[in-house]
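okay, here's the prediction I keep looking at, along with the sequence it came from:
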Amino acid sequence: MNNLKERWNIKSNWQIVAIFLVFSINGSFATWVAKPLTEFIGISFKTHGWLFWVIRIPLIFVVYQITLPLSGWLFGQFKFFWNMEKKMLKRVGFKRLFPE
């Protein structure tokens, strides 16, 4: 636990619990939201197989990135998740959005 606290620059065990809860809730929420969105687009696994996953996985990623800071805010950890969000998006290639 102390390694995580030091690495993430957090102070209490409650923050670790809140961060883990946000990650788990947000991941489940993103996959839950992606299902009706893929159905709205008209793509299902039964009819389009591999195309379903080619569209659904990036859709889950986008929903996850949008809702991560929001769900972090609900648990009082907005600053942590906003910094993590910027770090993730820079790694994916959106460096111009978040200049140093």
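Arrived safely.

would you list every one of the helices in the protein?
Here the chain has its helices, by DSSP state H, at 2-8, 13-41, 45-48, 50-74, 78-92.

mind putting the ones you listed into TSV with mean pLDDT and mean neighbour count?
In this view, the C-beta of every residue, glycine as well, is placed from N, C-alpha and C. Conversion of the helices of the chain to TSV gives the following (pLDDT from 0 to 100; neighbours: other CB atoms under 10 Å):
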stretch	mean pLDDT	mean neighbour count
helix 2-8	83	10
helix 13-41	91	15
helix 45-48	75	10
helix 50-74	91	16
helix 78-92	87	15
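
any idea how far residue 26 is from residue 39?
According to CB to CB, to the nearest Å, residue 39 stands 21 Å off from residue 26.

CA atoms only: put stretch 20-27 into PDB for me.
In PDB, the C-alpha atoms belonging to stretch 20-27 read as follows (Å, rounded to 0.1, in the frame of the first residue of the first chain):
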ATOM      1  CA  PHE A  20      -9.900   1.400  -7.000                       C
ATOM      2  CA  LEU A  21     -13.700   1.900  -6.800                       C
ATOM      3  CA  VAL A  22     -13.700   4.600  -9.500                       C
ATOM      4  CA  PHE A  23     -11.600   2.300 -11.800                       C
ATOM      5  CA  SER A  24     -14.000  -0.600 -11.300                       C
ATOM      6  CA  ILE A  25     -17.200   1.300 -11.500                       C
ATOM      7  CA  ASN A  26     -16.100   3.400 -14.500                       C
ATOM      8  CA  GLY A  27     -14.900   0.300 -16.500                       C
END
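
so residue 27 makes contact with residue 63?
No - in this structure, residue 27 is not within contact of residue 63 by CB atoms under 8 Å, at 10.1 Å.

show me what contacts residue 18?
By CB atoms under 8 Å, 6 or more residues apart in numbering, the contact set of residue 18 is 75, 76, 77.

now those as CSV including neighbour count, distance to residue 52 and pLDDT?
Formatted as CSV, these follow (neighbours: other CB atoms under 10 Å; distance: CB to CB, whole Å; pLDDT from 0 to 100):
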residue, neighbour count, distance to residue 52, pLDDT
75, 17, 32, 93
76, 12, 37, 92
77, 20, 33, 92
